[in-house]
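# Coordinates only, no sequence provided:
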């Protein structure tokens, strides 16, 4: 790679690393896997850097991350149960931690593509068209995945919160 490309690449990685790690975490639910996924994404981006469009590098990197998460979920060796004694790290100033935990738990249980669609639409605040481009699917697919994902997520969150409040009353 040419020195000027190398400098551009380094600047991109340094300025976007934390954001991409958070994005990967939301997609996979594990900080260690998120770091690995971002590392893989940046390696793939490095290989494609000379021919990548500089105007859409963030979207391209997000697409690599989503594809990597999907690929990993297809491999059985990465399917393992995660048991923890501690509450996951919090990055928001939510007033009700029970609600945040319920949402994150429900988000982890969604199918990979629905989860990625919801994260792109609502966490990354991308349009339907931008999400469709990153996911490499039609606008209608994004709309249906978003609708079904939100419906499923709402049901799981309500169920989880009601279970938690019933457990506290007993």
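Ah, there it is. On a predicted model such as this, the values are computed, not experimentally measured, just so you know.
# any idea whether residue 108 is helix, strand or coil?
Secondary structure, DSSP: H, G, I helix; E, B strand; the rest coil: residue 108 is helix.
# Pull the number of nearby residues for it.
16 (other CB atoms under 10 Å). (Each C-beta comes from the backbone N, C-alpha and C, glycine too.)
# List the residues that contact it.
Residue 108 makes contact with 29, 115 under the criterion CB atoms under 8 Å, 6 or more residues apart in numbering.
# Distance from the chain centre to the helix ranked longest in the chain, please.
Longest helix in the chain, counting residues (DSSP state H): helix 139-169. In terms of CA atoms, centre = their mean, to the nearest Å, the centre of helix 139-169 is found 17 Å from the chain centre.
# so what's the residue nearest in space to the middle of the chain closest to, chain neighbours aside?
Residue closest to the mean C-alpha point of the chain, counted by CA atoms, centre = their mean, is residue 27 at 2.7 Å. Among residues not flanking residue 27 along the chain, residue 69 sits closest, at 4.5 Å (CB to CB, 6 or more residues apart in numbering).
# Now the helix or strand containing that neighbour: average pLDDT?
Assigned by DSSP states H and E, residue 69 belongs to helix 57-74. For helix 57-74, mean pLDDT is 89.
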